[in-house]
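>>> the sequence and its predicted three-dimensional model are supplied below.
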Amino acid sequence: MGIFSRFADIVNSNINAILDKAEDPEKMVRLIIQEMEDTLVEVRSTSAKTLAEKKELVRRVETLKVQVADWQEKAELALSKDRDDLARAALIEKQKSADAVAAVETELEHVESHIEKLQQEVSTLQEKLADAKARQKAIILRQRSAESRLEVKKALDSSKVEDALNRFERYENKIDGLESQIESYDLGKKSLSDEIAGLQQDEKIDDELAELKKKLADKK
């Protein structure tokens, strides 16, 4: 029938095979879906015309069959009146109508076959369309994820990352140096808290010393 000749690769091929060949899978899957939807609109329009044609042929067959019956009655009437000539003429017209019935019925068979094939092709296309729509989001997510990972891989493999890490290490070393300088200034210097803590420690030592002297004196 060829109604899908423009999209034969979509209907007859595996969608994965099409996507594997595509430079931009996201764009390709959207194009596939759009083409399928456009084709369905076209096919529905063709189907409507074909169904209308079938109805017209059915009416034509019915009309011709009525004519066949009418000429049969006329032939019988002519014979009843002993008019063989008129009966023969009526039978000739009857045969013409019968031949027309056969021709139209043959055409009707072709149309019905056309409709059947059309319905099969529509069913196939709808399955492909449903499959594409169901997988569209996943395909787009996979593509974007792969692109992001590729960018990260490229960044990690570039010298910019190594340079940044080297600069980071130099900054750490510089900060370490500054902190060391600060600590060197504080060497030998005691804060108020340190001095008070020292007095408390000395007082404790004095108390222990006095206790020890008293203990020794008691032994004498």
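On my side now, so go ahead. Numbers count the residues shown, from 1 in each chain.

>>> switch to C-alpha atoms for all contacts and neighbour counts from now on
OK.

>>> need phi/psi at residue 82.
Main-chain torsions, residue 82, degrees, to the nearest 10: phi 60, psi 40.

>>> return the residues in contact with it.
Going by Cα atoms under 8 Å, 6 or more residues apart in numbering, residue 82 touches no other residue.

>>> secondary structure element for residue 153?
helix 84-157 (DSSP states H and E).

>>> could you do residue 41 as well?
helix 25-80.

>>> how far does the helix holding residue 153 sit from the chain's center?
Mean-position distance between helix 84-157 and its chain equals 23 Å (Cα atoms, centre = their mean, to the nearest Å).

>>> low-confidence ranges in this structure?
Applying pLDDT under 70 to the chain flags residues 1-25, 155-162, 164, 181-196, 198-199, 220.

>>> domains of it?
The chain breaks down by automatic domain parsing into domains covering 5-157, 191-220.

>>> can you give me the buried ones in the last one?
Read it as domain 191-220. Judged by neighbour count (16 or more other Cα atoms under 10 Å), domain 191-220 contains no buried residues.

>>> state the distance from residue 171 to residue 163.
Using Cα to Cα, to the nearest Å, one obtains 12 Å as the distance from residue 171 to residue 163.

>>> just residue 152 next, same as before
From residue 152 to residue 163 the distance is 16 Å (Cα to Cα).

>>> same check on residue 173?
Distance, residue 173 to residue 163, by Cα to Cα: 15 Å.

>>> next one: residue 208
For residue 208 relative to residue 163 (Cα to Cα), the value is 62 Å.

>>> tally of neighbours for residue 117?
Neighbour count of residue 117, defined by other Cα atoms under 10 Å: 14.

>>> hmm, residue 79 is touching residue 89, no?
No. The pair residue 79 / residue 89 is not scored as a contact, 11.2 Å apart, by Cα atoms under 8 Å.

>>> so what's the residue nearest the centre of the chain closest to, chain neighbours aside?
Centroid check for the chain by Cα atoms, centre = their mean gives residue 136 as the closest residue, at 0.5 Å. The shortest distance from residue 136 to any non-neighbouring residue, by Cα to Cα, 6 or more residues apart in numbering, is to residue 29 (6.6 Å).

>>> measure residue 168 to residue 152 for me?
20 Å.

>>> ditto for residue 103
Taking Cα to Cα, one finds residue 103 at 71 Å from residue 152.

>>> now residue 138
Distance from residue 138 to residue 152, by Cα to Cα: 21 Å.

>>> for residue 93, same thing?
From residue 93 over to residue 152 (counting by Cα to Cα), the distance is 86 Å.

>>> how about residue 28?
Residue 28 is 25 Å from residue 152, by Cα to Cα.

>>> which of the two has more neighbours?
Using other Cα under 10 Å as the criterion, residue 28 and residue 152 rank with residue 28 on top: 15 against 12.

>>> packed most tightly, which of the domains of the chain would that be?
The highest average neighbour count among these, using mean count of other Cα atoms under 10 Å, belongs to domain 5-157 at a mean of 15.
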